[in-house]
Structures are given as C-alpha cells and as structure tokens.
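**Q** pasting the sequence and the predicted model now:
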Amino acid sequence: MLDTLIIGGGAAGLSCALVLGSGLQKPFAEDKKVAIITHQKASHLQNALFNNVLGLKPGTTGASLLSEGKQQLADLYPEVQQIEGEKVIEIAKKNDTFVVTTNKNTYATKIVVIAVGYTNLITIKGLESYIKAHPKTAISKDRIWLENTDHLMENGLYVAGTLAGWRSQFAIAAGSGAHVATDILTLWNQGKHTKIHDKV
C-alpha cells in the first residue's frame, strides 16, 4: 500500500516527487510511502529549449531536465520509488483506496496525483467524467483538462500541471506540482499548513 502515487515524469510530476521526497524526512511523514511512474514519452519537455526560466542556464533543454530530474530525485530522495517503463491504463476507487493498473502491474494507494500531458490522447480509464476542454489554450489545439478545484478532483485524487488547467509554461507546471505536494504534506501534518525549504 502506497500513501501517494504520482503518475507522470514531466515538470509537474517530478516537482511534486521532489517536494514530497524532501518532506519524508519530517516526523509526520517519515513512515509514508511515495512512488512515481516516470512515463514521459509524451512530455512536451522532450523538445523544449529554456532561455526564460529563472535559475536555469539559457540553452537548457527539456530533454536534459527530464533526465537530470529523475537522477536528482534518485540521488537526494531514494525513498521515493521510481517506476520506469509502465503506462497507466486505469484508475479505480475501492472504498478509501485507489487501484492503479498499468500495462505491467497493479498498485494500491491512498492518494493519486495525475501529472501527465494535456493532449486529448489521454487513455486512462476512470477519468472520463472529469475531462473538459482546456480553458487556457487555443481551441484549435484541442487540449483538455481534468476538472478540479485547486488541484483536487475528489478526496485523494489530485491533478497537476497543464492537465490541471494551467498554461503550458515550465515554471507554472513545476509550481503546480509543488503546490500539490505541499497540499499532501499539509494533509499528512494534520491540516497544519506545511512547506518544505532546505536552508544553508
């Protein structure tokens, strides 16, 4: 049984995993189990070039960030299980647990964070009732979002990044993932508003 399973290894998913990973060192979260399915073939970062992101050296590519982000997660927070080479097929709710089925395995988790791209090619069963036309992109792009309130679709089911209704901008997607992570940490911390900062 996982406490949180993140689906998607792009900017939002990796950012969420990094913040949760850093939070696992806190007493209120030290027993929590977190995993991320890092499937990212459809990530828009694969062909991105960043010259306008604070903290990133101009010329940084999205492909390098995807690779380095997974390594950063592995190096700093090995407690977060990285699941490679699996694609999610279905998310089903059973009592207070979500059952996530991939092309290879089945996972039980208390919380799910969906952080995959916002194309209309999404094929995860169980999400159909949440799919709407994306409110912040050109109609001709035919993009979607999963209807939510402040990233929450229903208890225990979150969405982050462009699929949450945000514009396709790296800093926005990464911030959305961090936002969801701090909401989960707050939940684990008995509702006490929680943020995680490393200090010099």
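**A** Perfect, thanks for sending it.

**Q** pull out the buried residues from stretch 33-51.
**A** For stretch 33-51, the neighbour count (16 or more other CB atoms under 10 Å) marks 34-40, 43-45, 48, 50 as buried. Any C-beta I mention is one placed from the backbone N, CA and C, and that applies to glycine too.

**Q** residues in contact with the most centrally placed residue in the chain?
**A** Closest to where the C-alpha atoms of the chain average out (CA atoms, centre = their mean) is residue 13, at 2.8 Å. With contact set as CB atoms under 8 Å, 6 or more residues apart in numbering, residue 13 has these partners: 6-7, 36, 38, 40, 113, 115-116, 160-161, 177.

**Q** of these, closest to residue 186?
**A** residue 113 (14.2 Å; CB to CB).

**Q** dump the host helix or strand of the residue nearest to the centre of the chain to PDB, keeping only the CA atoms.
**A** Residue 13 is part of helix 11-23 when elements are defined by DSSP states H and E. Provided in PDB are the C-alpha atoms of helix 11-23 (Å, rounded to 0.1, in the frame of the first residue of the first chain):
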ATOM      1  CA  ALA A  11       7.800  19.000 -14.900                       C
ATOM      2  CA  ALA A  12       4.800  18.800 -12.600                       C
ATOM      3  CA  GLY A  13       5.300  15.100 -11.700                       C
ATOM      4  CA  LEU A  14       9.000  15.400 -10.900                       C
ATOM      5  CA  SER A  15       8.500  18.600  -9.000                       C
ATOM      6  CA  CYS A  16       5.800  17.000  -6.900                       C
ATOM      7  CA  ALA A  17       8.000  14.000  -6.200                       C
ATOM      8  CA  LEU A  18      11.000  16.200  -5.200                       C
ATOM      9  CA  VAL A  19       9.000  18.200  -2.700                       C
ATOM     10  CA  LEU A  20       7.300  15.100  -1.200                       C
ATOM     11  CA  GLY A  21      10.700  13.400  -1.100                       C
ATOM     12  CA  SER A  22      12.100  16.200   0.900                       C
ATOM     13  CA  GLY A  23       9.100  16.100   3.200                       C
END
